[in-house]
Each structure stands twice: as C-alpha cells, then as structure tokens.
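Q: Sequence and computational prediction follow.
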Amino acid sequence: MPELPDVEAFREVLASCAKGRRIERVDVRDPGVLHGVSARKLRRELEGRRFTEPERHGKWLLARTDWGSPLLERSRELGGGPTVMLHFGMTGQLLCCAPDDAPHPHDRVLFTVGRDSADRDGVGRDGVGGDRQLRYRDQRKLQGLWLADDTGVARILDRQGPDAMAVDRDAFDTVLSGRRGRVKAVLTDQSVLAGLGNLLADEILWRAGLHPAIPAAALTDAQRGRLYKDMRRTLRSSISAGCVPPRRSWLTGHRDDSDAACPRCGEPLRRDRIGGRGTVWCPRCQPIAA
DNA sequence: GCATATGTTATGAA
DNA sequence: TTTCATAACATATG
C-alpha cells in the first residue's frame, strides 16, 4: 500500500485514534519489526507517555510523544518524549481498533491508549470514551519501527529529500535538473524527493505525457512545470482517496489488466523494468522523444 | 517451481 | 561521485 497518500492516511488514523491519549500498554507481538530497540526498552520508554500531534515526511510517519502528566507545560521545554518512527514498507498499515478486537496474525505491535486527557469524565463525544488500540500491521516486515530522540529523527530525515507534497516549484526544479538519471528513477529516489513510489511515479508521468526513461536533466522548463502540476494534482486526489486509487480513468486502474490499454487513447500499454521496478506507460501519450 | 508485488539498502560494476 | 542492475529482506498470490 504505502506511498505518500497512504502514509498521510495513517497519520490521520494516528491523530484521530491516539493523539492526546496516554499510552497505557505497548505489546510487541513480533520483535522482528523493531529496529535498534528491544521490546522491553520500547515499553519502558513509551508506557505512561502521551501521543502528541503526529507528523509525516515522505513515507515516514513520526509518532511524537510527551510526558502525558500534569508536567506537560514543563515537558515541552524539556523537548518532550521520544518519537516512534514508522515505515510501512510494501504491506504495512496502521489501524485503530478496540482493545478486545481479535488480533490479526500480522498485527506486530499494539499500542493501547487511554481516554483523552481533555476528556475528564471519561465519556468521549461518541459516548464510547474507552481505551483504543493502535495497531501496526504488516505482512512482509520489510521495514518497521524505530525509536528515536530528536537527534535520531534528524539523522533519518537528513537522508530524505523534500516532501513531494510540500516542495515548491523552485526546489522541484533544482532537485530534478541536478540529476543525471532517468526521470522515473529520480522521482522515486527518496533522497531526492520523498514520498513518491512506483505507482505514483508511473501515474504522474502518464498524466504529464512523459516517458519514464527520459533523462531528468533533459526536461525542458515547460515539461518540468507540467510534471510539477500533475504531481500535485495526482497527490491531492490520492490523499483524498487515502491511496493511489485504481480508477479506470487512471493508469493505475489498468496495471493488473492482462491486455491493458491506455484509458486516454486506447493504445496498448507498454511494460518494462525501469529503475528496477515494474513500469507501465503508454507509448502514444508518452513518446520517448517528447 | 516461476514470476510478480505500493520499499529500502548493500554491493559491485560501468 | 553517480548511476545502474541485482540480490537480499519476508510473505503471499497467480
């Protein structure tokens, strides 16, 4: 699932499920998803803290915490608590469940959170108000969870380019024209631009009418402008959908067809391996010599 | 058994 | 130094 729009949806899940709530229990069902931290240390560092406003950069989700006690004013000065850095690989998800919902076999880490600290009588707006459980679920375990202080967070984010949804036109230009690789490889390189994955890159290039193998540095200013605009349009729709939607009017809606045809011109779609990933494009809408 | 899959990183070669 | 392909990671599906 996870590219920028999916991770943005997970950020919203985290915010609505756990923000402002005390972390009552951390249950690591599979320590194989933890990186650089033991299950014991994760529990010790997090239990009793409170989730604050989560952030996203590219495909990284940052679950920030503070002390979750009456010292909250002071804790802000002290820099708050540690941050759980989540990466979802190809198959990760974040879900909000009731603590007594039967666990899924791929639920790897469970965070049980208490009632909202602003909710003094313990009855939430929905009348439920009880504990909730945030679940990190992942089939393939290609990535996982890190626990980081501010330095650790910076060390990870330092290797990321600007967020694809936040980057402005100037920075986009700088980043693209400074690369010698093919445009698809450049767009999906997280150290250049953070957030675009395989589906999004193909979708955006198809919309912009650019062949994925064009050298990024060979794009004209007008082509970069179209690419930027179509990237933002595609991201905006995908964020509202919570994923890159497999609509029939989109290229993504035809990836799995056996005899896939371009939804715009009907031409048979071409497939190849570019940047090490399965790539789909329309030879008519995306000529190599555009 | 084979190939494929929304991701990242290490490695060796060009 | 940069870029590229490939394998590896763990698991499921066709």
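A: Sure thing, it's come through.

Q: Spatially nearest residue to residue A:61 (excluding sequence neighbours)?
A: Using C-beta to C-beta, 6 or more residues apart in numbering and skipping the chain neighbours, the partner closest in space to residue A:61 is residue A:86 (4.3 Å). C-beta coordinates here come from the backbone N, C-alpha and C atoms, glycine included.

Q: same check, this time on residue A:286
A: Distance criterion C-beta to C-beta, 6+ apart; nearest residue to residue A:286, sequence neighbours excluded, is residue A:211 at 4.6 Å.

Q: Tell me the secondary structure at the one you found.
A: Using DSSP: H, G, I helix; E, B strand; the rest coil, the structure places residue A:211 in coil.

Q: Now do the same for it: its pLDDT.
A: Per-residue pLDDT puts residue A:211 at 97.

Q: can you check residue A:122 too?
A: At residue A:122, the pLDDT recorded in the model is 51.

Q: same check, this time on residue A:128
A: According to the model's per-residue confidence, residue A:128 sits at a pLDDT of 55.

Q: Neighbours of the residue of the stretch 101-250 of chain A found nearest DNA strand C, how many?
A: Proximity to DNA strand C, evaluated over the stretch 101-250 of chain A using C-beta to the nearest atom of the strand, is greatest for residue A:181 at 2.8 Å. Other residues within reach of residue A:181 by the criterion other C-beta atoms under 10 Å amount to 15.

Q: From DNA strand B, how far out is it?
A: From residue A:181 over to DNA strand B the distance is 11 Å, taken as C-beta to the nearest atom of the strand, to the nearest Å.

Q: before we move on, the earlier item: give me every residue that touches the residue nearest to residue A:286.
A: A:183, A:205, A:281, A:286, A:287, A:288, A:290 (C-beta atoms under 8 Å, 6 or more residues apart in numbering).

Q: switch the cut-off to 10 Å
A: Remark: with contacts taken as C-beta atoms under 10 Å, 6 or more residues apart in numbering, residue A:211 is in contact with A:182-184, A:205, A:270, A:274, A:279, A:281-283, A:285-290.

Q: Among those, which ones are in strands?
A: Members of the contacts of residue A:211 lying in strands (criterion: DSSP state E): A:270, A:274, A:279, A:281.

Q: Return the distance of residue A:256 relative to residue A:217.
A: 33 Å (C-beta to C-beta, to the nearest Å).

Q: With neighbour numbers in mind, choose between the two.
A: Taking residue A:256 and residue A:217 together and counting by other C-beta under 10 Å, residue A:217 has the greater number of neighbours (13 against 9).

Q: what's near enough to touch that one?
A: When contacts are counted by C-beta under 10 Å, 6+ apart, residue A:217 is found next to A:176, A:177, A:178, A:179, A:180, A:181, A:183, A:186.

Q: was I right about the second one contacting residue A:221?
A: In this case it means residue A:177. Yes - contact status for residue A:177 versus residue A:221: in contact at 9.3 Å, counting by C-beta atoms under 10 Å.

Q: and those two? which has more neighbours close in?
A: Using other C-beta under 10 Å, the more surrounded residue of residue A:177 and residue A:221 is residue A:177, with 14 against 9.

Q: so is the residue nearest to that one when sequence neighbours are not counted in a helix, a strand, or just coil?
A: Counting by C-beta to C-beta, 6+ apart, the nearest residue to residue A:177 once its immediate chain neighbours are dropped is residue A:217, at 5.7 Å. Reduced to three states with three-state DSSP, the structure at residue A:217 is helix.

Q: Pull up the gap between residue A:217 and residue A:274, please.
A: The value you get for residue A:217 to residue A:274, if C-beta to C-beta is used, is 16 Å.

Q: Pop the domain breakdown of chain A in here.
A: A:4-157, A:169-281 (automatic domain parsing).

Q: Let's verify the residue nearest to residue A:50 when sequence neighbours are not counted: helix, strand, or coil?
A: Of all residues beyond its chain neighbours, the one nearest residue A:50 is residue A:68 (2.8 Å), with distances taken as C-beta to C-beta, 6+ apart. Using three-state DSSP as the criterion, the local structure at residue A:68 reads coil.

Q: can you check residue A:44 too?
A: From three-state DSSP, the assignment for residue A:44 is helix.
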